[in-house]
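Colleague: missing the sequence, but the structure's below:
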């Protein structure tokens, strides 16, 4: 759901009326998308679940304490992005699991529904291998653009970069993804 009007009504009810049910509706609208976004970044099911919970806790706290949120969609993705950054600051390089284990965890969490949404004709494991070979910045814009379906303008707000920079990032990310795909098909 991308309609800002309904989000504003829910945010008003949460803030002014202390309406937990309205927050539950916002949660329901975003929990799967935020979890998927985080999971693609951390690749560990349990950590993704914990971080997703943290996103919604921080969102609740912010709504209760602050005055206004102009774009809730961009706001919640910014929180998720910042929490993932904090997560990686906290863990050490020794705690990173192997690529094989990451792929196993990712495969376990995907469903046929996601594959249909993404409309990718390549095997899931191959796509994930390719995505994992991209630098974080490229992987993030590809996920937001092609899996989550956000516009350049929306991505710009989420990652806090100008729209022109986002267009360049998406172009470079797709170019690099094609290179990786071609390199692997030659093997």
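Modeller: Perfect, I can see it now. A quick note: this is a predicted structure, and the numbers were derived from the prediction, not measured.
Colleague: so for residue 132, what's the pLDDT?
Modeller: pLDDT recorded at residue 132 is 79.
Colleague: burial of it, as a residue count?
Modeller: When neighbours are counted by other C-beta atoms under 10 Å, residue 132 registers 15. To be clear about C-beta, it is placed using only N, CA and C from the backbone, and glycine gets the same treatment.
Colleague: swap in the one 10 residues further on?
Modeller: Using other C-beta under 10 Å as the criterion, residue 142 is surrounded by 21 other residues.
Colleague: helices or strands up against the helix or strand encompassing it?
Modeller: Using DSSP states H and E, residue 142 sits within helix 136-142. Applying 3 or more C-beta pairs under 8 Å, 6 or more residues apart in numbering; DSSP states H and E, one finds that helix 136-142 makes contact with helix 20-42, helix 124-133, helix 152-159, helix 163-186.
Colleague: give the contact list for the closest residue to residue 131 other than its chain neighbours.
Modeller: Of all residues not flanking residue 131 in the chain, residue 139 sits nearest, at 5.4 Å (C-beta to C-beta, 6 or more residues apart in numbering). Contacts here follow C-beta atoms under 8 Å, 6 or more residues apart in numbering; on that basis residue 139 touches 40, 41, 131, 132, 173.
Colleague: pipe the residues you listed into CSV and attach distance to residue 166 per row.
Modeller: Listed next are the contacts of residue 139 as CSV, based on distance: C-beta to C-beta, whole Å:
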residue, distance to residue 166
40, 18
41, 18
131, 18
132, 22
173, 10
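Colleague: average pLDDT for stretch 59-78?
Modeller: The pLDDT scores in stretch 59-78 average 81.
Colleague: next: stretch 85-103.
Modeller: Per-residue scores along stretch 85-103 average to 59.
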